[in-house]
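> okay, here's the prediction I keep looking at, along with the sequence it came from:
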Amino acid sequence: MTALPAWLPATANMLTPYLTVADADRALDWYARAFGFRAGESAMKDAAGRTVHGELYYEGRSIAMVAPEGAWGGTDRTPRNAGIRLPLSFYVYCADVDRLADGARAAGATIERPPEDMFWGDRTTMIADPDGYLWMFAQKVGEFDPSKMPKP
């Protein structure tokens, strides 16, 4: 693995999604309970004390940033509030897909696809969060097996 460039903060990733959420404080709490993410210390609050910028960490690394609808004069809405399903998901490796799915279910997540072993060697699950974002969690459990690839 190569060393991080000097211009990249030690806990950051080069690609960090910035999610619009309905309520940043509620989202930060939910992500902690459901996925085990940790809220960063650099949250920004408005005059009423509500978070207008928050960061999520997982296994010591930045995984996403969040801001509520309307923050910073923006007009973006969550996928759920906009009535759309985004054609993307966030792929996150974890130590135990089954345990993570159980915890997410207990926190009220929608399990779109329960944990299953995939032909490429990962065990995955697809989970929708309360704002409508899709998260695919994966755990490496084997190796790629081309004989199990779906036929076109």
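That came through, no problem.
> so how far is stretch 38-57 off the chain centroid?
On the basis of C-alpha atoms, centre = their mean, to the nearest Å, stretch 38-57 sits 16 Å off its chain's mean C-alpha point.
> got it, and stretch 33-46?
What separates the centre of stretch 33-46 from the centre of its chain is 12 Å, taken as C-alpha atoms, centre = their mean.
> the protein: helices as residue ranges?
Taking DSSP state H as the test, the helices found in the chain are 24-35, 79-82, 97-106.
> including distance to Ala128, mean pLDDT and mean neighbour count, could those go into JSON lines?
C-beta: built from backbone N, CA, C; applies to glycine. Below are the helices of the chain laid out as JSON lines (distance: least, C-beta to C-beta, whole Å; pLDDT from 0 to 100; neighbours: other C-beta atoms under 10 Å):
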{"stretch": "helix 24-35", "distance to Ala128": "11", "mean pLDDT": "96", "mean neighbour count": "20"}
{"stretch": "helix 79-82", "distance to Ala128": "9", "mean pLDDT": "96", "mean neighbour count": "15"}
{"stretch": "helix 97-106", "distance to Ala128": "9", "mean pLDDT": "97", "mean neighbour count": "17"}
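> indicate which one of these is closest to Thr124.
Nearest of the helices of the chain to Thr124, taken as C-beta to C-beta: helix 97-106 at 6.5 Å.
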